[in-house]
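In: the sequence isn't on hand, but the structure is:
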């Protein structure tokens, strides 16, 4: 089982890699299409800005690779910005379209709260799911200025200025707005369950 | 509900932890990654490394320290000290840090804030402001580890760095730093009121009630402390327990 973390060429992708290794997965950080094609699970990490990330994927010729992974029913996990690019588009930047794996557009957090949303917030599962088997709320770390739309299959929500999706799923596509690799033991537990489930789905 | 963050800070020089009192007289103690792991176990919500190495060699050591920390600690890490360009920022983030804090370089080259925010995202860019009282209700920005005065007013500068793209402000009161008599509530309140990005308050922590004060009375988002945690005068868990008793939302993990 190979998990590839897609390298956008900037920001902290090392922590995701470290977390995958700690959880016992064979992991690689790469932007090489050949390596990414061999992966059973793709992770889109949460660094940079929407347009830059999409432009980077396009220039590197990675969009068809990610699309092929989705069509093959492989698990694709988007973290933070990596979750946001799963949607059709975003208010951030606005030049680039998203991957369109999930319906709707990503919007900026309201001006009634401090932005970025920065810190540990209570994540409330919509019910028991493979990610949150007990359906129990837990604190996870967020660092973002934009939020996902309330569409599709929402596994958990978080409230900050408004209530929005913290974890979503569509088939073998998963997105989490929080950083499981930066949320201590609770985050590693969620990431571990997500990967175990993604592996089952992909098998 | 978003919780308030308790942030221990480690002063790091040549790969080792030190602690300055009022920006002077350093005492050596410990391995940063060890300390970081200890703070994580104690319930720290985030960590800050402030690198005070003067040499190029020391800075290379810092990257190694960040890597070693990210290998075993899975909470957010901010690294600051002597950062002056995007290349350095990229290296520090690639080593496993989540944010960088920029201080003197932001004053010298304010456009650096914008360039870094566009490239890495605002949430990666913390601007550190060292402020010292300069008359009633006025504070001046100092740079270079608090050794050089500038012409900048701290509250005005805070507003400006937000406009330039900073995602967070790390505000240190030079008047209170190292005294353990409480955070600079008036300064913090003035900066919090001037911006809509999160503000980390630093300088003056001595007792649990100081954390309550700066969060409740000054509206800070996260109190930072170095020596009280470093010398175990306070435990993070006891600070959080006090905050919870006072009704301040904090993250307390079940065992």
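Out: Ah, there it is. Treat the numbers as computed from the prediction; the structure is a model and nothing was measured. Numbers count the residues shown, from 1 in each chain, chains lettered A, B, ... in the order given.

In: from here on, just use CA atoms for contacts and neighbour counts.
Out: OK.

In: residue B:140 contacts residue B:157, correct?
Out: No: look at residue B:140 against residue B:157 with Cα atoms under 8 Å: they stay out of range, at 9.4 Å.

In: who's more crowded, these two?
Out: residue B:140 (20 against 17; other Cα atoms under 10 Å in any protein chain shown).

In: check the secondary structure at the more buried one for me.
Out: strand (DSSP: H, G, I helix; E, B strand; the rest coil).

In: ok, for it, nearest residue in space, not its chain neighbours?
Out: residue B:153 (4.8 Å; Cα to Cα, 6 or more residues apart in numbering or on different chains).

In: residues contacting that neighbour?
Out: Listed by Cα atoms under 8 Å, 6 or more residues apart in numbering or on different chains, the contact set of residue B:153 reads B:138, B:139, B:140, B:141.

In: could you point out which element follows the helix-or-strand element of chain B with minimal mean pLDDT?
Out: Lowest mean confidence among the helices and strands of chain B (mean pLDDT, DSSP states H and E): strand B:24-28, at a mean of 42. Counting by DSSP states H and E, the next helix or strand C-terminal to strand B:24-28 is helix B:32-42.

In: hmm, who's touching that next one?
Out: In contact with helix B:32-42 (Cα under 8 Å, 6+ apart) are residues A:184, B:8, B:10, B:12, B:15-17, B:47, B:65-66, B:68-69, B:72-73, B:75, B:235-237.

In: try it again with 7 Å
Out: B:16, B:17, B:65, B:68, B:69, B:73, B:236, B:237 (Cα atoms under 7 Å, 6 or more residues apart in numbering or on different chains).

In: same list (the residues you listed) but as a markdown table, adding neighbour count.
Out: Compiled in a markdown table, the contacts of helix B:32-42 are given as follows (neighbours: other Cα atoms under 10 Å in any protein chain shown):
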| residue | neighbour count |
| --- | --- |
| B:16 | 20 |
| B:17 | 25 |
| B:65 | 22 |
| B:68 | 16 |
| B:69 | 23 |
| B:73 | 27 |
| B:236 | 24 |
| B:237 | 16 |
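
In: closest to chain A out of those?
Out: Checking those against chain A by Cα to the nearest Cα gives residue B:73 as the nearest, at 7.7 Å.

In: and the spatially closest residue to the closest one that is not a sequence neighbour, how close does it get to chain A?
Out: Leaving aside its sequence neighbours, residue B:73 sits nearest to residue B:37 (Cα to Cα, 6+ apart; 5.8 Å). Separation of residue B:37 from chain A (Cα to the nearest Cα, to the nearest Å): 11 Å.

In: averaged pLDDT, the helix or strand hosting residue B:172. What do you get?
Out: Per DSSP H and E, residue B:172 falls inside strand B:168-173. Per-residue pLDDT values over strand B:168-173 give a mean of 98.

In: before we move on, what about stretch B:106-116?
Out: pLDDT averaged over stretch B:106-116 gives 97.

In: what lies in contact with it?
Out: Outside stretch B:106-116, the residues that reach it (Cα under 7 Å, 6+ apart) are B:85, B:86, B:125, B:164, B:165, B:166.

In: ramachandran angles for the residue nearest to residue B:140?
Out: phi -80, psi 130 (degrees, to the nearest 10).

In: list the contacts of residue B:94.
Out: A:10, A:11, A:12, A:13, A:14.

In: between the residues you listed, which is closest to residue B:213?
Out: residue A:12 (33.8 Å; Cα to Cα).

In: against chain B, how distant is the closest one?
Out: 5 Å.

In: for that residue, give me its contacts.
Out: When contacts are counted by Cα under 7 Å, 6+ apart, residue A:12 touches A:47, B:93, B:94, B:96, B:97, B:98.

In: could you redo the last one with a cut-off of 10 Å?
Out: Contacts for residue A:12 (Cα atoms under 10 Å, 6 or more residues apart in numbering or on different chains) come out as A:45-48, B:70, B:90-99, B:120, B:124.
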